[in-house]
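Engineer: kindly return the folded structure for what I paste below:
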Amino acid sequence: MKYNIFVIALDDFHLSFLENIDDGRDYTFHNLLPYNMIVNPPGYDVNKIITLGEKELDDFKEDIHGIIGHWDFPTTSLLPVFRKDCGLDGPSLESVLITENKYWTRIRAKKCIPRCTPAFEAVNPFDRNCTKNISLPYPFWLKPVVSFSSQMAFYIENEKQLEEAIAQIKRGIGRFGEPFDKFLELAYMPEDIPVDVNGYYCIAEEPIVGRQCTAEGYVKDFKPEVYAIVDSYREGKFHSSFSRYQLPSNLPYEIKKRIRTKCINIINEIGLNNTTFNIELFWDEKKDKLCFLEINSRLSKSHSPIFEDVAGMTQHKVAIDIELGYDPNFSIKNGKYSVAAKFMLRHHNDGIVKRIPTKKEINELENKFPGTRILIEVQEGDVLSELLGQDPYSYELAVIFMGGNNTEELLNNYERLKSELKFHIE
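Structural biologist: You can find the predicted model right below:
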């Protein structure tokens, strides 16, 4: 039997991982919606996106067995809409929107894992008195309730920084706020969710310290499971920018057990069902304390290549199993490498990109370091500060996926490769 699986904004890079899934089933993967409409466009016309997606699905004359996605908002909110149209199982739109809104997520987290939930409060950036109404002491993080990849996330140490951040957020918050509120019009939110804290609000958060990680899991028939934990490393000012993700996690076994328990608790509290998820947490080793950061109702596309390196196939396999009604059975011990990482090569000052590595140089480096995949994220002539999808403190030039026999070998190979990867920023 052939299974038709639609993937929102499917690109060739991720298609290559999907086509490497070898579980004895026959899959055909189909793109749903144009890539440029979903991934980092200047804005999102939700009505247009939904209408086009529904037409593409309606025009498909064969059976549709699943619809999956790995991008951030609005992909996560589109999935429940399209699955419902096609009669497919999946999480409710309401439960997904709770995970999209960082303030709403914290409300639910405080109910079930209060000791793991840092202090937080809602902030209306359009309230003239908002800078005076925040009760959290400095420093704190300020970010829109709907955002991803640390976009418009500011570390606030004083009133001047707060005023500057509010001004910048007000200019850009509508990019996600407007489409989020469009989805909100389609939902019937639970009574404990303050719908007035909508997509145009921010959240102020107590800073979290410690070792960061992401739990990758799924929930099927309201039974959550965590099948892997990925370590996250940061760099730069305020440690605000991700430098690499590494699989498997080096956290102690007992800490991993506690992480799994906390993740199960919050998934049950939010009510997600029949979906993959990933949850970001910190472990403060000195205090032996876990702190919850945020949850996504999807698998992490950033982790897909490193899962293939360590597990032998992408974790999209888990999402597909759930779509088809199977209990996922996913091992992270069947790959070519014992350890793998996604490295994010960053530049920490504004500038104009004058030179990027040539295709020949990239091919030579990928051959020199077998198993390496290099993706250049900028083009010659780009002004770094004008790039979409960046955090406020750095600019991503490239991502590099590498595998190795151990962490030391992996990091040494990356440093060697990085020294030969030639960019010129003026």
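
Engineer: contacts and neighbour counts: CA atoms only from here.
Structural biologist: Will do.

Engineer: give me the number of neighbouring residues for residue 336.
Structural biologist: 16 (other Cα atoms under 10 Å).

Engineer: what's the closest non-adjacent residue to it?
Structural biologist: Once flanking residues are discounted, residue 336 sits nearest to residue 309: 5.7 Å by Cα to Cα, 6 or more residues apart in numbering.

Engineer: and if you look at residue 102?
Structural biologist: Nearest non-adjacent residue to residue 102, counting by Cα to Cα, 6+ apart: residue 145, 4.8 Å away.

Engineer: show me what the mean pLDDT comes to for stretch 330-346.
Structural biologist: For stretch 330-346, mean pLDDT is 92.

Engineer: can you check stretch 207-223 too?
Structural biologist: Stretch 207-223 comes out at a mean pLDDT of 96.

Engineer: got the CA positions of that stretch in PDB?
Structural biologist: Listed next in PDB are the C-alpha coordinates belonging to stretch 207-223 (Å, rounded to 0.1, in the frame of the first residue of the first chain):
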ATOM      1  CA  PRO A 207      16.000  34.800  33.400                       C
ATOM      2  CA  ILE A 208      16.800  31.100  33.500                       C
ATOM      3  CA  VAL A 209      20.300  29.800  34.000                       C
ATOM      4  CA  GLY A 210      21.900  26.300  33.600                       C
ATOM      5  CA  ARG A 211      22.300  23.700  30.900                       C
ATOM      6  CA  GLN A 212      19.600  23.900  28.200                       C
ATOM      7  CA  CYS A 213      18.100  21.000  26.400                       C
ATOM      8  CA  THR A 214      15.100  20.000  24.300                       C
ATOM      9  CA  ALA A 215      13.000  17.000  24.900                       C
ATOM     10  CA  GLU A 216      11.600  15.400  21.700                       C
ATOM     11  CA  GLY A 217       8.500  13.400  22.200                       C
ATOM     12  CA  TYR A 218       5.000  12.500  21.000                       C
ATOM     13  CA  VAL A 219       1.500  12.000  22.500                       C
ATOM     14  CA  LYS A 220      -0.800   9.300  21.100                       C
ATOM     15  CA  ASP A 221      -4.200   8.600  22.500                       C
ATOM     16  CA  PHE A 222      -3.400  11.000  25.300                       C
ATOM     17  CA  LYS A 223      -0.300   9.100  26.400                       C
END
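
Engineer: so what touches the longest strand anywhere in the chain?
Structural biologist: Longest strand in the chain by number of residues, with DSSP state E as the criterion: strand 223-235. Under the contact criterion Cα atoms under 8 Å, 6 or more residues apart in numbering, strand 223-235 has outside partners 211-219, 240-251, 256, 260, 263-264, 267-268, 273, 330-332.

Engineer: ok, 7 Å please
Structural biologist: For strand 223-235, contacts defined as Cα atoms under 7 Å, 6 or more residues apart in numbering pick out 212-219, 240-249, 260, 264, 267.

Engineer: stretch 24-31 now?
Structural biologist: With Cα under 7 Å, 6+ apart, stretch 24-31 has contacts from 1, 2, 3, 4, 5, 6, 7, 8, 9, 10.

Engineer: hmm, try it at 8 Å
Structural biologist: 1, 2, 3, 4, 5, 6, 7, 8, 9, 10, 15, 18.

Engineer: turn those residues into JSON lines, columns for pLDDT and secondary structure.
Structural biologist: Converted to JSON lines, those look like this (pLDDT from 0 to 100; DSSP: H, G, I helix; E, B strand; the rest coil):
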{"residue": "1", "pLDDT": "91", "secondary structure": "coil"}
{"residue": "2", "pLDDT": "95", "secondary structure": "strand"}
{"residue": "3", "pLDDT": "98", "secondary structure": "strand"}
{"residue": "4", "pLDDT": "98", "secondary structure": "strand"}
{"residue": "5", "pLDDT": "98", "secondary structure": "strand"}
{"residue": "6", "pLDDT": "98", "secondary structure": "strand"}
{"residue": "7", "pLDDT": "98", "secondary structure": "strand"}
{"residue": "8", "pLDDT": "98", "secondary structure": "strand"}
{"residue": "9", "pLDDT": "98", "secondary structure": "coil"}
{"residue": "10", "pLDDT": "97", "secondary structure": "coil"}
{"residue": "15", "pLDDT": "96", "secondary structure": "helix"}
{"residue": "18", "pLDDT": "97", "secondary structure": "helix"}
